[in-house]
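S.K.: sequence unknown, structure follows:
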């Protein structure tokens, strides 16, 4: 093939600044060059189409705008949704609490070391996890006492659950040692006095408090650091962790866990619900 044939087989197309070489057979004429103006319009159209938002994007933006406008016009819907969500979470928590109570029923209701009072054969049992330095435990104390006394058919179990520092632990040790060395009646008398005592929960102060109740304070102090006392506190803390109890007061009423202070009227309503 000579130089003339080669050149006749090559077409040059100029489009704007672009240069394209097309190799054509010898017997075919090269394709006609596309006009620059038409090429420019085609490129503009492709660029415009690429920049345009997709239909789905437009739908999402329109839907979002409608939702926003509706919520701004009806803000109470947000609170209604939050209330429904809270109710569902409470129902899930209640179901979980019921399972946990069933799994740990012996440790909760019959551990062999926690003080129990009220009507020991009562049809409703209340278990209280308490700390002597807890302000809300002190607030709940007279109301729980009134509930037990006025109802007459409730058993109450007290779990020493010291979580508010060293003095909380000292107070729990002193109370548990009293029960183990001097019996349930001595424990309840000291418990009542400690729940209304406003001083520091230090050993000298607790010793004086015990002496005002004619209790053998020396025997109590000697037993405070014993393994038997430490085991009770450790067992109660482990039980609280298993029941997802992290604060005081916390109450177990049959198959319910009440985390936090509950006023007398609230406890009375729960007792009525339990009895059905």
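M.R.: Nice, thanks for sending it over. Note that the structure is predicted; figures quoted are calculated from it, not measured.
S.K.: can you give me the strands for this structure?
M.R.: All strands of the chain, identified by DSSP state E, fall at 10-15, 18-23, 115-118, 124-130, 154-160, 250-253, 256-259.
S.K.: I'd like to know which elements the fifth one is packed against.
M.R.: Translated: strand 154-160. Counting contacts by 3 or more Cβ pairs under 8 Å, 6 or more residues apart in numbering; DSSP states H and E, strand 154-160 packs against strand 115-118, strand 124-130, helix 135-151, helix 166-182, helix 227-242. The way it works is simple: take the backbone N, C-alpha and C, and place the C-beta from them, glycine included.
S.K.: tabulate these in TSV, adding columns for mean neighbour count.
M.R.: Compiled in TSV, the helices and strands packed on strand 154-160 are given as follows (neighbours: other Cβ atoms under 10 Å):
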stretch	mean neighbour count
strand 115-118	18
strand 124-130	23
helix 135-151	16
helix 166-182	22
helix 227-242	16
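S.K.: so which of the ones you listed is nearest residue 273?
M.R.: Among the helices and strands packed on strand 154-160, the nearest to residue 273 by Cβ to Cβ is strand 124-130 (10.2 Å).
S.K.: relative to helix 166-182, how tilted is the closest one?
M.R.: Following axes from the mean of the first three to the mean of the last three Cα atoms, to 10 degrees, one obtains 130 degrees for the angle between strand 124-130 and helix 166-182.
S.K.: now find how far off-centre strand 124-130 is within its chain.
M.R.: Here strand 124-130 is found 22 Å from its chain centre; the criterion is Cα atoms, centre = their mean, to the nearest Å.
S.K.: what pairs with that strand, parallel or antiparallel?
M.R.: Paired neighbours of strand 124-130 in the sheet (DSSP bridges): strand 154-160 (parallel), strand 250-253 (antiparallel).
S.K.: for residue 98, which non-adjacent residue is spatially closest?
M.R.: Leaving out its chain neighbours, the residue that sits closest to residue 98 by Cβ to Cβ, 6 or more residues apart in numbering is residue 255, at 4.6 Å.
S.K.: and that neighbour, how many neighbours?
M.R.: When neighbours are counted by other Cβ atoms under 10 Å, residue 255 registers 15.
S.K.: need the contact list for it.
M.R.: 97-98, 101-102 (Cβ atoms under 8 Å, 6 or more residues apart in numbering).
S.K.: any idea how far residue 174 is from residue 219?
M.R.: Distance, residue 219 to residue 174, by Cβ to Cβ, to the nearest Å: 11 Å.
S.K.: repeat that for residue 72.
M.R.: Applying Cβ to Cβ, the value for residue 72 to residue 174 is 60 Å.
S.K.: if we can go back for a sec, which of the contacts of residue 255 fall in helices?
M.R.: Among those, the members falling in helices (DSSP state H) are 97-98, 101-102.
S.K.: drop anything exposed from those.
M.R.: In the ones in helices among the contacts of residue 255, burial by neighbour count holds for 97, 101, counting by 16 or more other Cβ atoms under 10 Å.
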